[in-house]
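In: Build the 3D model from these lines:
(chains A and B)
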Amino acid sequence: MKYKWFTAAFLSLCLIPAAGMLVLPEQQAAGNEHLTPKPSLWNAQTGWNEDFLGDLTDYVADHFGFRQELVTANAALQTRLLCTSPAETSFTARTAGCTTRKRSMIIRITQR
Amino acid sequence: MVFSSAISLFFFVPIVFLLDRRLSDVDAKNTWLLLASLVFYSFGQVYYLPLLLLSVALNYVCGRLAAGKYAKLGVTLAVLGGIGLLAVFKYADFAIRTVNALCGLSLPLTGIALPIGISFFTFQGLSYVIDVYREPQTVSHSFKKVLLYIAFFPQLIAGPIVKYHDIEQEIDSRRTTPQETALGIRRFICGLSKKLLLSNALGQMADTVFALPAGEIGMLAGWTGAICYTLQIYFDFSGYSDMAIGLGRMFGFHFRENFNYPYTATTIKEFWRRWHISLSGWFRDYLYIPLGGNRKGKARTWLNRFLVFFATGLWHGASWTFVLWGLWHGLFSVLEDCGAIPVDKLKGKRIGQLYTLLVVVLGFTLFRADTLAQAGAMYAAMFSGIGLHWMGTAAVWAKFTPAFALMLCLALLLCTPVAREHTPKRESVTFIGSLGLLLLCMMYLAAGSFNPFIYFRF
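Out: Numbering: from 1, shown residues only, chains lettered A, B, ... in the order given. Reported below is the predicted structural model:
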């Protein structure tokens, strides 16, 4: 019985974001992130979208159900449990003791 | 499509699995899995789908020839066709660049994009034809079965390289039990976690170090980058193999293991019995043994070994860094063979493990480097990078977050059998733990970033 419960739990966890994406209203971008727009197979100006499937992959990655809630949970986990800011540039906080010149140099290196 | 993407995890895998369960007839299941596999490949490069079908068709026809009166013709055509595809789609620009560099020419490059998984599906097709040539009764008269064997999505684009006779019976008749399915799912989640939680975290550190200017890498940064990449590639590729094996099991297929704690090996020869086992086995069965193996004297054995490692390096990528990486391993394999490295004193001992790890880490530094010059700079830093190099040190320190430190410790632990030995005996506990890991992976995906598999480019 435990095997069936485990399989059902796995499928539920996988399908809830999928169902959320299809059923819930489209989520808006949080903060300054740019979300991939809905792809279209045909464009009047450029014709067939040859990279439709790639665009669809990106669209799903940005719009699956409960994404914002998962992002928030991830941020909470990272900051509270691991004392690490999930933001890409958060490391600058850890270098607060550095001089401005050093900080800008570190940012330059890590953004390469 | 990559398994560690939202579209795969939330749509593709559950839908394909649920519909597979709705079908009772094995032929209908095969058709469904075949369609799903072709869709899976199309998400990567839809314009190369005809190439995949052409490659399979060639191997199917050659297989039929190899089982009949024209056996030699069949196997020759398959080998020439397979090598020809690789030559055009993978090595053409590499050859042109090499000729240009050697002769001072400026021949134009073809600019052909590398088809995803070409090395894997070509090798799998070749193994089928060669096996049929050796044992004609193993031929398949169904194109659909050969296509499913080569294109089955769990192993299509990054292995493990499966042999036809390993899954032939399961293509015809397979049984899935709730236990098998659950264990397959657990293995899949394990691989997904290796990739998303460990490999990507280590990869960020490796990328930071390898992106530093040559003069700014000190000894600390150099070794940190090299070790992190060594761990990254292991968790990346073994994670993918776990996902493939787990998915296969969910659908009733059993693939052989592809990794067996390679970083615990105490010699290089042992390392290759534990690392990418399906590829090592392929080269052993279809290149090393046909070349004569170790049956034609010592000199010939060593030459054969160098040839195999040259081919292994070249298989990984169209670049001299990969070739030299292969030869580097070949060199130590031969040195162990000829007694220059005292294998007896190393086998099963800590010193042997240290020696093997050193060779492997230095090899993967070359493997990761974009150019030979970059590899040289890394080696210089690793062995003589004494000094402040504060820019490099600061960059490493900036990435050395508590989260990274935790992942590094976990990675070091999980690349040894210690964790397996201490895994809870109760399955229920491991299932609950797996669901927790899946949730963490989903959170990572949501916060996510681009996370391609290293082995996709091979």
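In: In three-state terms, how would the residue nearest the centre of chain A be classified?
Out: Nearest to the mean C-alpha position of chain A, by Cα atoms, centre = their mean, lies residue A:62 at 6.0 Å. Reduced to three states with DSSP: H, G, I helix; E, B strand; the rest coil, the structure at residue A:62 is helix.
In: which residues does it contact?
Out: Contact analysis of residue A:62 by Cβ atoms under 8 Å, 6 or more residues apart in numbering or on different chains lists A:35, A:36. In this view, the C-beta of every residue, glycine as well, is placed from N, C-alpha and C.
In: In chain A, which helix is the longest?
Out: Using DSSP state H to define each element, chain A has its longest helix at helix A:2-23.
In: what's the neighbour count on residue B:50?
Out: A count of neighbours around residue B:50, defined by other Cβ atoms under 10 Å in any protein chain shown, yields 10.
In: Sorry, wrong one. I was asking about residue B:296.
Out: Count around residue B:296 with other Cβ under 10 Å applied: 12.
In: before we move on, what about residue B:382?
Out: For residue B:382, the neighbour count with other Cβ under 10 Å is 21.
In: now the residue lying closest to it once chain neighbours are set aside: how far from chain A?
Out: Nearest residue to residue B:382 in three dimensions, chain neighbours excluded: residue B:222, at 3.9 Å (Cβ to Cβ, 6 or more residues apart in numbering or on different chains). From residue B:222 over to chain A the distance is 15 Å, taken as Cβ to the nearest Cβ, to the nearest Å.
In: which one's the longest helix in chain B?
Out: helix B:219-250.
In: which intervals of the stretch 1-150 of chain B have sub-threshold pLDDT?
Out: For the stretch 1-150 of chain B, no stretch is flagged by pLDDT under 70.
In: just the helices in it please.
Out: Assigned by DSSP state H, counting those that start in this stretch, the helices in the stretch 1-150 of chain B fall at B:6-7, B:13-22, B:26-45, B:49-66, B:71-86, B:92-103, B:118-134, B:143-151.
In: Contacts only, for residue B:220.
Out: B:385, B:389, B:392, B:393, B:396.
In: neighbours around residue B:77, how many?
Out: 19.
In: In contact with the residue nearest to it when sequence neighbours are not counted, which residues?
Out: Setting aside the residues directly before and after it, residue B:77 is nearest to residue B:62 in space (Cβ to Cβ, 6+ apart), at 5.0 Å. Listed by Cβ under 8 Å, 6+ apart, the contact partners of residue B:62 are B:74, B:75, B:77, B:78, B:81, B:129.
In: For the residues you listed, pick the one with the most neighbours.
Out: Going by other Cβ under 10 Å, residue B:129 tops those with 31 neighbours.
In: Not including adjacent chain positions, what is the nearest residue to it?
Out: residue B:78 is the one closest to residue B:129 (Cβ to Cβ, 6+ apart), at 3.9 Å.
In: And the contacts of residue B:62, which is closest to residue B:438?
Out: Closest approach between those and residue B:438, by Cβ to Cβ: residue B:129, at 39.6 Å.
In: where exactly do the helices run in chain A?
Out: With DSSP H as the criterion, chain A has helices spanning A:2-23, A:52-63, A:67-76, A:91-94, A:100-110.
In: quick one, which of these is packed in tightest?
Out: Mean neighbours per residue, mean count of other Cβ atoms under 10 Å in any protein chain shown, is largest over the helices of chain A for helix A:52-63, with a mean of 18.
In: gap between it and the chain center?
Out: On the basis of Cα atoms, centre = their mean, to the nearest Å, helix A:52-63 sits 12 Å off its chain's mean C-alpha point.
In: now do stretch A:2-14
Out: Relative to where its chain is centred, stretch A:2-14 has its mean C-alpha point 24 Å off (Cα atoms, centre = their mean).
In: CA-only coordinates of whichever strand or helix holds residue B:202, as CSV, when you get a sec.
Out: In this structure, residue B:202 sits in helix B:200-210 according to DSSP states H and E. The C-alpha trace of helix B:200-210 is given here as CSV (Å, rounded to 0.1, in the frame of the first residue of the first chain):
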residue,chain,number,x,y,z
ASN,B,200,24.4,23.2,-9.9
ALA,B,201,25.6,24.6,-6.6
LEU,B,202,29.1,23.2,-7.2
GLY,B,203,29.0,24.3,-10.8
GLN,B,204,28.5,27.9,-9.8
MET,B,205,31.7,27.9,-7.9
ALA,B,206,33.6,26.1,-10.7
ASP,B,207,32.2,28.5,-13.3
THR,B,208,33.4,31.5,-11.1
VAL,B,209,36.9,30.2,-10.9
PHE,B,210,37.2,29.2,-14.6
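In: and that helix, average pLDDT?
Out: In this model, helix B:200-210 has an average pLDDT of 92.
In: Can you name every helix or strand that it contacts?
Out: helix B:219-250, helix B:390-399, helix B:402-414 (3 or more Cβ pairs under 8 Å, 6 or more residues apart in numbering or on different chains; DSSP states H and E).
In: at 10 Å what do you get?
Out: helix A:100-110, helix B:219-250, helix B:350-368, helix B:372-384, helix B:390-399, helix B:402-414 (3 or more Cβ pairs under 10 Å, 6 or more residues apart in numbering or on different chains; DSSP states H and E).
In: For residue A:79, find the nearest of those.
Out: Comparing the helices and strands packed on helix B:200-210 by Cβ to Cβ, helix B:402-414 comes nearest, at 9.9 Å.
In: quick one: residue B:254 and residue B:245 touch, right?
Out: Yes: between residue B:254 and residue B:245 there is a contact under Cβ atoms under 10 Å: 8.2 Å.
In: joint contacts of these two?
Out: residue B:184 (Cβ atoms under 10 Å, 6 or more residues apart in numbering or on different chains).
In: The two - which one has more neighbours?
Out: residue B:245 (24 against 15).
In: I figured the residue nearest to residue B:129 hits residue B:57, correct?
Out: No: Residue B:78 sits out of contact with residue B:57 when judged by Cβ under 10 Å, with a separation of 11.3 Å.
In: Common neighbours of the two, please.
Out: With Cβ under 10 Å, 6+ apart as the test, residue B:78 and residue B:57 both reach residue B:125.
In: deepest of the helices of the stretch 1-150 of chain B, which one?
Out: helix B:118-134 (a mean of 24).
In: and that helix with helix B:71-86, angle?
Out: Interaxial angle, helix B:118-134 versus helix B:71-86 (axes from the mean of the first three to the mean of the last three Cα atoms, to 10 degrees): 180 degrees.
In: what does the stretch 301-450 of chain B put close to chain A?
Out: B:390-392, B:394-407, B:426-428, B:430-432, B:434-435, B:438-450 (Cβ under 10 Å from any Cβ of the partner chain).
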